[in-house]
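**Q** sharing a model that was predicted from the sequence below.
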Amino acid sequence: MSEQQVAKTTDKSVFLERLIFNFRPLWVVLFVLLTVFLGWHASQVRPEASLTKMIPTNHPFIQNYFEHRDDLASLGNVVRIAVETTDDTIFTADFQKTLQEITDEVFFIPGVDRAGLKSLWTPNVRWSEVTEEGFVGGPVIPDSWDASQESLEQLRTNVLRSGEVGNLVANNFQSALIYVPLNEINPDTGEPLDYQAFSERLEEQVRDKYQSDDVKIHITGFAKIIGDLIDGAMQVGLFFLLAIIITLVMLFAYSRCWRSSFAVLSCSIIAVVWQLGIIKLIGSGINPYSMLVPFLVFAIGVSHGVQIINAMSTNRVEGHDRVMSSRLAFRALYIAGLTALISDAIGFTTLMVIDIAVIQELAIAASIGVAVVVLTNLGLLPILMSYTGISERGRKYSERVRDQDHPVLTLFERFSEPKWAYSALVVALIGLTWGLVQGQQLKIGDLDAGAPELRPDSRYNLDNKFIVDNYSSSTDIFVVMAETEPSQCIAYDNLEVMDRFSWHMENTPGVQDVKSVVYVAKMGAFGLNEGNLKWFSLNRNQYVLNANTGRTPPGLINPDCSMAPIIIYLNDHKAETLKTVVNAVETFNANYQQEGLELLMAAGNSGIEAATNAVIEDAQYKMLLWVYGVVIVLVFITFRSFRTVACIVLPLALTTVMSQGLMATLGIGVKVATLPVIALGVGIGVDYGIYIYTKMKEGLDRGMHLNECYKYALDNTGKAVGFTGLTLAIGVATWIFSPIKFQADMGILLTFMFIWNMLGALILIPALARLFARFGKAIP
Amino acid sequence: MIRTRVCASAVALAFSLTAAAQDAPVDDYDVIYAPAMIAPEATSAVLTEITSTADRQVAVGDYGVVVTREHGSEAWQQADVPTSVFLTSVDFASDSLGWAVGHHGVILKTTDGGLSWQRQLDGFQYIDLQVAYYQQRVNELEEELANDELDADAAAELEFLLDEALFRLDNATFAKEEGPTKPFLDVLALSADELLVSGAYGALLYSADGGASWQIFDERIENPDGFHLNAMQRSGETLFLAGEAGQLFRSNDRGTTWETLDSPYYGSFFGMYVDQQDRLWVYGLRGNIFVSEDQGDSFTQLKLEDPVNINAAVNAPANGLYFVGNAGVVAYLSESGELTEQTHKSGAALTDLVINDDGDLTLVGQRGVLSMPSSALTEKE
């Protein structure tokens, strides 16, 4: 900064400084009261996992889904409990007794749609066969059941005739399934289903109670995923404690002063409390994604706090008293701090371009958090420090390190020398190439089987794998809604087109099976014509069709017969598979237009994911454009030089490219969880560059050479930059151990970006400056 | 083409109806005229019949699928078919010349051994044919009735026939509105020119010119209840026809006249087969199999352990027979009359089979083309 600028900012700072320091007790009381108030609200915050918030609600697929949500409810919300025996077969008296007991147990769990509950032991599971007189049949459990060998034989025969092999009985006959549809709304109380409580009851009353050496329990279903997600999220709370402890150790190692370490820590924790409280107050909540924000706020708070105590101890060493030291520290830092925090906040707000509620909530929460950090760590912290001061030990330590060159810093200094600078640039170029080549493999969406939210080896996903392997059902479901005029959903013309569509989809790569009311109608014709397969077809006679669809299970047509879901079972939910399916549907719709019938995409977990992928793919570049646009403008406004912009932004771009390469290498797709990471990484990463370049420019203004400029910059901010990078990295690195897969992915990527951005700033900024110096003036 | 759109009320899906006629088709899509989609999964479609020519196996089924496989090859090819209706039967007069029939009144012909097919008849033409035929019947009968020299009995008889013809004319006229609803269920090629097609509700068609023109033969058999005519078979110059509710007929003049046989069973028959010893096999509901060694005059019963529908039979090694049926049932009947039963692991309904050159079985049914080694049945466990 020029002398003029310094003078100007000093004038301004006097007012703010007076405002804060002249009313210190008042401020402390105010902060305490606010903390109690917001703390109380923060304590009311509960982690939530709402499906609607994780999906792009404005995407046409989702709009279509929401329009028919009530009619589709009974399709998706099902829990499957597989009871596995270690014996050869489920046809033993012991196993059947256990299965019966579990069925009864589940029957009484609140939230279960009892009429829809299905297991070998519910009366709605029947066998049937055609006789000369028509259908005969009965419950699969013989009326004469007495657990004898004959009963078991009869049961086996009935099961084979019931067509339930692959559905309620595993293909290998070593496990049986309990199919548990849920009521989204409790019909008695009108209250929505508490997924977590339900999930817990399943664990207590089924898994814990019946799992033994002979019996294994496997549970899957949306309710279970949500339950496990919230459980996992709870564990993340522990990580926060861990992050606090590690940070405290680092703070002490940095300052050798307990007083200031605790002051920084408290202010940062207060920032988190405020952030959570405000979120609760504005009616928002915390979800498994925005849970990242407290970690970030804490880390940002600490890194700015460190600057304050750093400056303070310098002032103390120079002989100022506590209050004056605080005032001077505030005066020196508030502009730089504000600039950095504003750039963070702007970086976060670019996330708002992604039309997915959890990401927008994350952006809002992070922006609030950063605003709060301004108050706590630029406002409260200097006030607190003006009371506590720096301990004698801390002051001495800071005096000592001031005079000696840190070996690491000496190492970094070299990167402004030509040889080192060009070597670094070559390495960076290699890294860039690696990132670009690997990045070609980068995939959109979730890549792992099962519930992508959870780890592939989580119990849920193991259970899911068990059920997928042993039963003829895929858990990746894409639903197309066949919309018609009321009472036309089974009109012949419509069914015929739907049948064609089903066949078209069955022949699409990645599709396992297609089921809808059309299949029911054809099966009905097969059954009602004495089981003669030559009748497995639709009939133009509407009376015949009506009779054939008489046994349509609920959910396959809606009450006023204006919508029939066509359920497409997929091999997996990889983005290419989903894209192929979406394209196939679009091709069909373009070729077969039927008045009064619309085949609308999409519901089902895969349909929703297809929409999410589309939004993510679209937002991916839009977001990068915004983030970099904002950062470039910000840096340009600060430094008024395109070369400076290049020096600061190029290292960030390298990190972005390399993190995409890393994602591809680790098999992490671009998805709701990982997309915001890039904005966060760039938004925060630009701070380092700003700090370092500011100091380098100061050096230049004082007439230094490039090497000296950089040494000056390193001496003044190098340590702080390194510390900030490490604190941020540690804050998010604990996430790598999260049981929730996407949180772990976020942890890996953010850690990588925070550290790499720091290194990029420390190494590449001087190297690039050296390169530019060769072609022009010493430094822009 | 006139079609009626019928709306179904979902509240009482069963039979509450309101009809809203529309004069123009809402769209061009009709399963009769839409060419079969070339489908990678064609062999997984529901298939109903399979037959062998000197060159290849030919199977037909849902969505107009016809798949062929050269003998000794593993790979199936989908044939060019100008319709997407559900095909129910296929039969060849020679290695190159064959016919396939299906729902919506569709009859197809091939002249290249099953690789490509042409449509010879569709349900709308079939209905026109019926209307013209019964109209002519009515005219003829009315003319005869106008004859003053008739005695009372003859007049009463003619009145009865006229009522019957009028009733059928009404039905056919109504069908013109509704569209074709009665599937053909079997085709029997007697020669390059002569063929018979049987179907639901007593439909029987005859062609003497290789399918270029068709005659209504429904009234040639005594079937007042209009039972489905499920299967036909020939033994030398004798033809057999089997149907719903134990109906059995025989013709010794290439389908011109039919006599009703004494049926050994009141349940439905789904198929017939004449084995290498010229015995006639008839089979159907609930594992019921009957064999006649005297051209259908008398039958002996055989019952499968599993009470499932039996749909097809073919000659097996050592003068035995294979049967297939619903629920994946495959059975081997040895010359001495011993039955060995197996269930295909798919558990799916099986409707037909052929024997490969190596003796193994190629099965078709609900899950498309399936296979089973002959050892599974002929070797004792």
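**A** Yes, it's here.

**Q** please name the residues that touch the spatially closest residue to residue A:86 that is not a sequence neighbour.
**A** Closest residue in space to residue A:86, ignoring its immediate chain neighbours: residue A:214 at 5.2 Å, by C-beta to C-beta, 6 or more residues apart in numbering or on different chains. Just so you know, the C-beta spots here come from the backbone N, C-alpha and C atoms, and that holds for glycine as well. By C-beta atoms under 8 Å, 6 or more residues apart in numbering or on different chains, residue A:214 lies in contact with A:85, A:86, A:87, A:94.

**Q** pick out the most distant pair among those.
**A** In these, two members sit farther apart than any others by C-beta to C-beta. They are A:86 and A:94, at 11.1 Å.

**Q** need phi/psi at residue A:444.
**A** As for residue A:444, its main-chain torsions (degrees, to the nearest 10) stand at phi -90, psi 140.

**Q** err, residue A:740, not the other one
**A** Main-chain dihedrals, residue A:740, degrees, to the nearest 10: phi -90, psi 120.

**Q** inside helices: which ones of the contacts of residue A:214?
**A** residue A:94 (DSSP state H).

**Q** hmm, which of the contacts of residue A:214 is lowest in pLDDT?
**A** The lowest pLDDT within these belongs to residue A:87, with 85.

**Q** contacts only, for that one.
**A** Taking C-beta under 8 Å, 6+ apart, one finds A:95, A:174, A:214 in contact with residue A:87.

**Q** before we move on, back to that, okay if I get the contacts of residue A:214 as JSON lines plus distance to residue A:376?
**A** Listed next are the contacts of residue A:214 as JSON lines, based on distance: C-beta to C-beta, whole Å:
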{"residue": "A:85", "distance to residue A:376": "59"}
{"residue": "A:86", "distance to residue A:376": "58"}
{"residue": "A:87", "distance to residue A:376": "62"}
{"residue": "A:94", "distance to residue A:376": "63"}
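
**Q** out of the contacts of residue A:214, which end up buried?
**A** For the contacts of residue A:214, a burial check counting by 16 or more other C-beta atoms under 10 Å in any protein chain shown picks out residue A:85.

**Q** filter the contacts of residue A:214 down to the ones in strands?
**A** residue A:85 (DSSP state E).

**Q** circling back to that earlier point, which one of the contacts of residue A:87 is nearest to residue A:565?
**A** Nearest to residue A:565 among the contacts of residue A:87: residue A:174, at 32.0 Å, using C-beta to C-beta.

**Q** number of nearby residues for that closest one?
**A** Applying other C-beta atoms under 10 Å in any protein chain shown, we find 18 other residues in the vicinity of residue A:174.

**Q** now do the contacts for it.
**A** Under the criterion of C-beta under 8 Å, 6+ apart, the neighbours of residue A:174 are A:84, A:85, A:87, A:88, A:89, A:90, A:470.

**Q** from the contacts of residue A:214, which is closest to residue A:340?
**A** residue A:86 (60.5 Å).

**Q** which helix or which strand is home to residue 312?
**A** As the question left the chain open, I've gone with chain A. Per DSSP states H and E, residue A:312 falls inside helix A:292-317.

**Q** let me rephrase: I mean chain B.
**A** strand B:310-316.

**Q** gap between residue B:157 and chain A?
**A** In this structure, residue B:157 and chain A are 33 Å apart, going by C-beta to the nearest C-beta, to the nearest Å.

**Q** now do the SS call for that residue.
**A** helix (DSSP: H, G, I helix; E, B strand; the rest coil).

**Q** any idea how far residue B:164 is from it?
**A** Distance, residue B:157 to residue B:164, using C-beta to C-beta, to the nearest Å: 11 Å.

**Q** for residue A:399, which non-adjacent residue is closest in space?
**A** Spatial nearest neighbour of residue A:399, excluding adjacent residues (C-beta to C-beta, 6+ apart): residue A:317 at 4.9 Å.

**Q** can you name the next helix or strand after the worst-scoring helix or strand of chain B on mean pLDDT?
**A** Every helix and strand of chain B was ranked by mean pLDDT, DSSP states H and E. The lowest is strand B:17-21, at a mean of 28. For strand B:17-21, the following helix or strand on the C-terminal side (DSSP H and E) is strand B:47-52.

**Q** the next helix-or-strand element following that following strand packs against which elements?
**A** Using DSSP H and E, the helix or strand that follows strand B:47-52 in sequence is strand B:56-61. For strand B:56-61, the elements it packs on are strand B:47-52, strand B:66-70, strand B:87-92, strand B:98-102, strand B:361-365, judged by 3 or more C-beta pairs under 8 Å, 6 or more residues apart in numbering or on different chains; DSSP states H and E.

**Q** in strand B:56-61, which residues are buried?
**A** Residues of strand B:56-61 classed as buried: B:56, B:57, B:58, B:59, B:60, B:61 (neighbour count, 16+ other C-beta under 10 Å).

**Q** closest one of the residues you listed to chain A?
**A** Checking these against chain A by C-beta to the nearest C-beta gives residue B:61 as the nearest, at 8.8 Å.

**Q** residues touching residue A:234, list them.
**A** Listed by C-beta under 8 Å, 6+ apart, the contact partners of residue A:234 are residue A:47.

**Q** just how off-centre is stretch B:202-212 within its chain?
**A** 13 Å (C-alpha atoms, centre = their mean, to the nearest Å).

**Q** right, is it up against chain A?
**A** No - residues of stretch B:202-212 are not located near chain A by C-beta under 8 Å from any C-beta of the partner chain, the shortest gap being 13.2 Å.

**Q** output that stretch as CSV - backbone C-alpha positions only.
**A** This file holds the C-alpha atoms of stretch B:202-212, laid out as CSV (Å, rounded to 0.1, in the frame of the first residue of the first chain):
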residue,chain,number,x,y,z
GLY,B,202,-64.1,-71.0,-32.7
ALA,B,203,-62.3,-69.2,-35.5
LEU,B,204,-61.2,-71.4,-38.4
LEU,B,205,-59.8,-70.2,-41.7
TYR,B,206,-58.8,-72.1,-44.8
SER,B,207,-56.7,-71.1,-47.8
ALA,B,208,-56.3,-73.0,-51.0
ASP,B,209,-53.9,-70.5,-52.6
GLY,B,210,-51.1,-70.2,-50.1
GLY,B,211,-52.8,-67.5,-48.1
ALA,B,212,-53.6,-65.2,-50.9
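
**Q** which residues does that stretch contact?
**A** Counting by C-beta under 8 Å, 6+ apart, B:97, B:99, B:107, B:109, B:120-121, B:126, B:182, B:184, B:192-199, B:213-218, B:220-221, B:223, B:225-229, B:241, B:255 sit against stretch B:202-212.

**Q** state which helix of chain A is the longest.
**A** helix A:604-639.

**Q** pLDDT weak spots in the stretch 601-750 of chain A?
**A** For the stretch 601-750 of chain A, no stretch is flagged by pLDDT under 70.

**Q** returning to what we had before: show me the two of the buried residues of strand B:56-61 that sit farthest apart.
**A** B:56 and B:61 (16.2 Å).

**Q** how much space separates the closest residue to residue A:384 other than its chain neighbours from residue A:315?
**A** Excluding the flanking residues, the one nearest residue A:384 by C-beta to C-beta, 6+ apart is residue A:263, at 4.9 Å. Distance, residue A:263 to residue A:315, using C-beta to C-beta: 15 Å.

**Q** who has more neighbours, those two?
**A** When residue A:263 and residue A:315 are compared on other C-beta under 10 Å, the one with more neighbours turns out to be residue A:263, at 28 against 21.
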